[in-house]
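K.L.:
generate coordinates for the sequence data below:
(one chain, ligands or ions: 2)
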Amino acid sequence: MAGGRKVELAEALAMGPGWRHACHALLYAPDPRLLFGRFPLRYAVLMQMRFDGRLGFPGGFVEARDGSLEDGLNRELREELGEAAAAFRVERADHRGARLGPRPGLLAHFYAKRLTPEQLRAVEAGAARARDHGLEVLGLVRVPLYTLQDGVGGLPAFLENSFIGAAREQLLEALEDLELLEPDAISYLKTRTPPQ
Ligand code: APR
Ligand code: MG
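P.N.:
Numbering: from 1, shown residues only. Ligands and ions are numbered 1, 2, ... in the order given. Below you'll find the predicted structure:
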């Protein structure tokens, strides 16, 4: 279930009342540790197992009562991640793009925000107390950014999961654009065939 056509934010905002907006965010923080003393973790990047069995980013539908896209996103983050998400705010400057779909009439906005390691760990520690835990959110996961010696374990295997909407493409674009991965790791991933 890949994402649809990309649209500029101004175009998305001008699309009228027949369209629903959904906002999701990639939250990340540096993590200098090594797995098995060898594989650099580089960053903790959060995704979640959703109620539909797919991986996605925290966030959701913007409601009429929300004053802005970002008000809706930050409300959803508190519902899905818990009160530790109140320690920061995802802003318009963190907007990375909008796409049509995956449903008709849906505009899916994507944001990325760098947290401190302490903020991210607080989100993880409190996630099981969030309102939506066990309902819309079945658990937070960190994305493995390394590739193990077999060339598959780690990020390549993670990318073979099922993702909601444009989440897989959004993840890969963010890893590249935010330089969370080395360029040679990006090149390696691009040599692998994406799932149908
Ligand atoms: N890229 C593109 N679209 C996405 C992404 C993404 N990364 N993540 C989710 N979507 C789409 C989903 O397909 C959904 O249609 O955005 C819409 C809203 O996102 P959710 O996070 O699923 O919505 P949320 O408000 O958190 O609550 C789930 O969805 O299906 C309904 O009734 C269900 O009330 C429930 C709600
Ligand atoms: Mg959601």
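K.L.:
so how far is the top helix by length along the chain off the chain centroid?
P.N.:
Longest helix in the chain by number of residues, with DSSP state H as the criterion: helix 69-81. On the basis of CA atoms, centre = their mean, to the nearest Å, helix 69-81 sits 13 Å off its chain's mean C-alpha point.
K.L.:
ok, and what's touching that helix?
P.N.:
Outside helix 69-81, the residues within contact range by CB atoms under 8 Å, 6 or more residues apart in numbering are 21, 23-25, 48, 58-63, 66, 85-86, 89-92, 95, 109, 111, 123, 126-127, 130-133, 136-137, 140. Bear in mind the C-beta positions are built from the backbone N, C-alpha and C, glycine included.
K.L.:
let's see it at 7 Å
P.N.:
Residues outside helix 69-81 that contact it (CB atoms under 7 Å, 6 or more residues apart in numbering): 21, 23, 25, 58-60, 62-63, 66, 85-86, 89-92, 109, 111, 123, 127, 130-132, 136-137.
K.L.:
before we move on, what about stretch 28-45?
P.N.:
By CB under 7 Å, 6+ apart, stretch 28-45 touches 26, 46, 114-117, 119-120, 142-143, 145-146, 148, 180.
K.L.:
can you do 8 Å?
P.N.:
Stretch 28-45 is contacted from outside by 26-27, 46, 112-117, 119-120, 142-143, 145-146, 148, 154, 171, 175, 178, 180-181, using CB under 8 Å, 6+ apart.
K.L.:
put the buried members of these into a ChimeraX selection.
P.N.:
Burial among the contacts of stretch 28-45 is assessed by 16 or more other CB atoms under 10 Å; the matching ChimeraX selection reads:
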select :26,27,46,112,113,114,115,119,120,142,143,145,146,148,154,171,175,180,181
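K.L.:
what is the burial count for residue 68?
P.N.:
Residues near residue 68, counting by other CB atoms under 10 Å, number 12.
K.L.:
now the one 10 residues further on
P.N.:
Other residues near residue 78 come to 17 when the count uses other CB under 10 Å.
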